[in-house]
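# turn this into a structure:
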Amino acid sequence: MTIPKDLLDALMKDYKNPEDLIGETGLLKQLTKQLLERAMQAEVTDHLGYEKNAPSNNTSGNARNGSYQKKVKGDFGNLDIIVPRDRDSSFEPAIRPKGQSRFTGFDDKIIALYARGMTTRDIQAHLEEMYSVEVSPTLVSQVTKAVQEEIILWQNRPLDEVWPIVYLDALRVKVRQEGRVINKAVYLAVGVNLDSL
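Just a heads-up that it's a prediction; the model follows:
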């Protein structure tokens, strides 16, 4: 889908600095909010089978029942959106499912920071600084625990029988053990398998 140039020109007519586009009240955040809300209104219309304020075509007994506010987190920061609901609570938006408060990819950022060795508190501070998103240390822990099993499986996977190239190295580090500081070697082994050649 291509956005018409005249529409882009109309959206960008008041643009003066990057804050107007990606800031707290910038165009990107406003567009994301309005597109999400419009998509959910279309989804509830499809779910119920009739347009809002249409003459009584409602044969299911289910109808619109107001809305509720939901805070979602993403690369753009926190965003308050209005989610429509129906009387029998059978409507679940596909674009923003119930119980999901983070955009796809947001958890991947937490996992990437965790994989780089950042602590839970460091990740929390980084997300707040970079994206103006407040996340609890508990949320960071829950996201990292979700992949912990996969990490353990990967670490304990069986190795190939043949490794044509193997690099071995060690790094000397000082560690505290039983109340005193000693030198220890941290060993690193990197193998190149036949698939990589």
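
# ok, which stretches of this structure are helices?
5-11, 18-22, 27-48, 106-115, 120-131, 137-155 (DSSP state H).

# let me have the ones you listed in TSV, extended by distance to Pro97 and mean pLDDT.
Any C-beta I mention is one placed from the backbone N, CA and C, and that applies to glycine too. Conversion of these to TSV gives the following (distance: least, Cβ to Cβ, whole Å; pLDDT from 0 to 100):
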stretch	distance to Pro97	mean pLDDT
helix 5-11	29	77
helix 18-22	26	73
helix 27-48	11	81
helix 106-115	14	74
helix 120-131	21	79
helix 137-155	16	76
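
# pipe the ones you listed into CSV and attach distance to Gly99 and mean neighbour count per row.
Below are these laid out as CSV (distance: least, Cβ to Cβ, whole Å; neighbours: other Cβ atoms under 10 Å):
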stretch, distance to Gly99, mean neighbour count
helix 5-11, 33, 10
helix 18-22, 28, 12
helix 27-48, 15, 16
helix 106-115, 14, 17
helix 120-131, 20, 16
helix 137-155, 13, 13
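
# could I get those helices in CSV, plus columns for distance to Arg176?
Supplementary listing: the helices of the chain in CSV, determined by distance: least, Cβ to Cβ, whole Å:
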stretch, distance to Arg176
helix 5-11, 57
helix 18-22, 44
helix 27-48, 46
helix 106-115, 24
helix 120-131, 21
helix 137-155, 25
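
# would you map out the domains in the chain?
For the chain, automatic domain parsing gives the domain ranges 1-102, 105-157, 165-196.

# which of the helices of the chain sits closest to Gly61?
Among these, helix 27-48 comes nearest to Gly61, with 10.4 Å by Cβ to Cβ.

# list the contacts of the closest one.
With contact meaning Cβ atoms under 8 Å, 6 or more residues apart in numbering, helix 27-48 is reached by 11-12, 15, 20-23, 51-52, 58, 60, 62-64, 72, 74, 76-77, 79-86, 90-91, 93-96.
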